[in-house]
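Q: structure for this input, please:
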Amino acid sequence: MIEKYLKLVFLGTLLSLTLFSCTKGDSSSDRPTSVPSITTLSINSITSTAALGGGYITSDGGETITARGICWSTSQNPLITGSHTVDGTGTGTFVSAIPGLNPNTTYYVRAYATNSVGTVYGNEISFITLNIAVTLPVLTTTMPSSVTTSTALSGGNIISDGGTAIMARGVCWSTLPNPIITGNHTTDGTGSGSFTSNIVGLTSSTVYHIRAYATNNIGTAYGNEISMLSSSTPVPSKSFVNLTFNQVNAYFSTDGTMTMPIDSVQAKVSSTTAKIDITFIYNYEYFKPGFFDPIARSQVWPWNEYYKPWLSSGVETSYFSTTLDKTNFDSAMADQSKIETFFSYPSTQIALHAIFPAGSCIGGRDLSPPQLTTLAQGKVYGFKNLTSGKRGLLYIRTDQASAWPIPVLDFNTKVDIIREN
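A: Now for the predicted structure:
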């Protein structure tokens, strides 16, 4: 009986050991790992500079795929140390874009996949990019517009870049046919498509020849040539030269109704004072700058009654300091459109109805806080009539009387004036 029991125990132990051994051998942790299995997909959508490829990972080798893509070269057996893409992780199919290729060139491509064991490459495939020859760009010239005496707008439209990038574009112009970029030209960015060019430095009443241009690594191409006539120089009707303010109080209007300055007695006539926008005042009794505030109607001038008709007309003028000189003034006298250009310069409003020189003033009220501003010979001042909105420039001439600005008998100031039409 005991012998039979021992046989049963022995058989049971043997069975347990056998089952345990089988279970341990089935554990996944004991399975061997390897590099992935991958196939390179065929190349398609081939152009002169790009193509599409990809790969198919059938097995991760027992480890997670951490990188995948394709690599390419003009030599066989390309590696990921050269040109390659990175297209996600995991198994399955992926697509890769191959950019930056050269036309009519043979390339070799392999898909790759990486896990913790290493990187494996798929089968190698070769292809040839399309044979599209690189040429000069093709473009047209835009018809000029907004033509003035000195500026115009033009541009071009680059229809084709010639198979390579546009590195520079713009327009060139000359008074002779077939202008080229070694002469007057603009530089207006890169790339294909339409662009706008600002042409500057023209001479009035002159015929110019204009062509758009575009440059790639082959060279520079030009669009069709267009002829353009710059505008004629406008002759400002509101300009006055060598005016002499030789009264104690002298007034002037730049709207053309007063061709000579008038004195205080004439200024009391309301029909005249309604036109006044420039006033020189000299208080030679005290030989010092005068000051009058038309807003407060201060009674600081003994001859204040001369101002009353003028003040009631509501005419006001702002005056500005400028950095302009006689050359600027003369150019504005020849081309009225430049007044707007000069007024775009940084300038400081120094007075409303008043610019004060040593012993005189233009207008009647300085800005707050009051500050006397000395007029200087050879200087250009800007003004704006706040009633009409017209802007202008006033030049203090250098051929003043020897005693200027402290006259013996009369205040004598010579000025040139130009105002917008």
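
Q: where does pLDDT dip in this protein?
A: Applying pLDDT under 70 to the chain picks out residues 1-31, 133, 232-237, 246-251, 263-277, 279-316, 344-375, 401-412.

Q: where along it do the helices fall?
A: 2-25, 264-267, 270-273, 308-312, 326-334, 338-343 (DSSP state H).

Q: ok, residue 180 touching residue 225?
A: No - between residue 180 and residue 225 there is no contact under Cβ atoms under 8 Å: 11.1 Å. Quick note: C-beta positions are derived from backbone N, CA and C, even for glycine.

Q: which ones are touching residue 70?
A: Residues near residue 70 by Cβ atoms under 8 Å, 6 or more residues apart in numbering: 40, 53-55, 84-85, 87, 96, 98, 109-112.

Q: distance to residue 202 and neighbour count added to the residues you listed, as a markdown table?
A: Below are those laid out as a markdown table (distance: Cβ to Cβ, whole Å; neighbours: other Cβ atoms under 10 Å):
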| residue | distance to residue 202 | neighbour count |
| --- | --- | --- |
| 40 | 62 | 19 |
| 53 | 55 | 28 |
| 54 | 57 | 24 |
| 55 | 61 | 25 |
| 84 | 54 | 20 |
| 85 | 52 | 21 |
| 87 | 56 | 17 |
| 96 | 54 | 22 |
| 98 | 50 | 24 |
| 109 | 56 | 27 |
| 110 | 61 | 24 |
| 111 | 61 | 27 |
| 112 | 61 | 24 |
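
Q: which one among those residues gets closest to residue 221?
A: residue 98 (29.5 Å; Cβ to Cβ).

Q: partner residues bridging that closest one?
A: Beta bridges link residue 98 to residue 51, judged by DSSP bridges.

Q: now it: how far from residue 144?
A: Separation of residue 98 from residue 144 (Cβ to Cβ, to the nearest Å): 44 Å.

Q: residue 33 now?
A: 73 Å.

Q: quick one: the strands in the stretch 1-150 of the chain?
A: With DSSP state E, counting those that start in this stretch as the criterion, the stretch 1-150 of the chain has strands at 37-40, 51-59, 67-73, 83-84, 92-98, 106-114, 119-128, 138-141.

Q: looking at the ones you listed, which is nearest to residue 213?
A: It's strand 138-141; of those, that one is closest to residue 213 (Cβ to Cβ) at 7.7 Å.

Q: parallel or antiparallel, which strands does the closest one pair with?
A: The pairing partners recorded for strand 138-141 under DSSP bridges are strand 152-160 (antiparallel).

Q: so which bits of stretch 178-193 are buried?
A: If you call a residue buried by 16 or more other Cβ atoms under 10 Å, then stretch 178-193 has these buried ones: 179, 181, 184-186, 188, 190, 192.

Q: give me the more crowded residue out of residue 33 and residue 144.
A: Neighbours were counted for residue 33 and for residue 144 using other Cβ atoms under 10 Å; residue 144 has more, 21 against 11.

Q: look up how far residue 200 lies from that one.
A: 13 Å.

Q: for residue 63, give its distance to residue 163.
A: In terms of Cβ to Cβ, residue 63 sits 45 Å off from residue 163.

Q: try residue 107
A: Taking Cβ to Cβ, one finds residue 107 at 18 Å from residue 163.

Q: same check on residue 202?
A: 36 Å.

Q: tell me which of these two has more neighbours.
A: More crowded of residue 202 and residue 163, by other Cβ under 10 Å: residue 202, with 20 against 17.

Q: now do the contacts for that one.
A: Counting by Cβ under 8 Å, 6+ apart, residue 202 makes contact with 148-152, 208, 230.

Q: pull out the buried residues from those.
A: 148-152, 208, 230.

Q: so which of these comes closest to residue 245?
A: residue 149 (31.7 Å).

Q: wait, isn't the closest one in contact with residue 336?
A: No - Residue 149 is beyond contact range of residue 336, at 9.4 Å (criterion: Cβ under 8 Å).

Q: so residue 326 touches residue 395, yeah?
A: Yes - Residue 326 is within contact range of residue 395, at 6.5 Å (criterion: Cβ under 8 Å).

Q: from residue 262, how far off is residue 243?
A: Taking Cβ to Cβ, one finds residue 243 at 12 Å from residue 262.

Q: over to residue 383?
A: Taking Cβ to Cβ, one finds residue 383 at 18 Å from residue 262.

Q: likewise residue 179?
A: Using Cβ to Cβ, we find residue 179 at a distance of 54 Å from residue 262.

Q: give the contact list for residue 340.
A: Contacts for residue 340 (Cβ under 8 Å, 6+ apart) come out as 391, 420.

Q: and the buried residues of stretch 178-193 as a markdown table, adding distance to residue 332?
A: Below are these laid out as a markdown table (distance: Cβ to Cβ, whole Å):
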| residue | distance to residue 332 |
| --- | --- |
| 179 | 29 |
| 181 | 32 |
| 184 | 24 |
| 185 | 28 |
| 186 | 25 |
| 188 | 29 |
| 190 | 37 |
| 192 | 41 |
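
Q: inside strands: which ones of those residues?
A: 184-185 (DSSP state E).

Q: between the buried residues of stretch 178-193, which is nearest residue 318?
A: Comparing the buried residues of stretch 178-193 against residue 318 with Cβ to Cβ picks out residue 186 as the nearest, at 36.3 Å.
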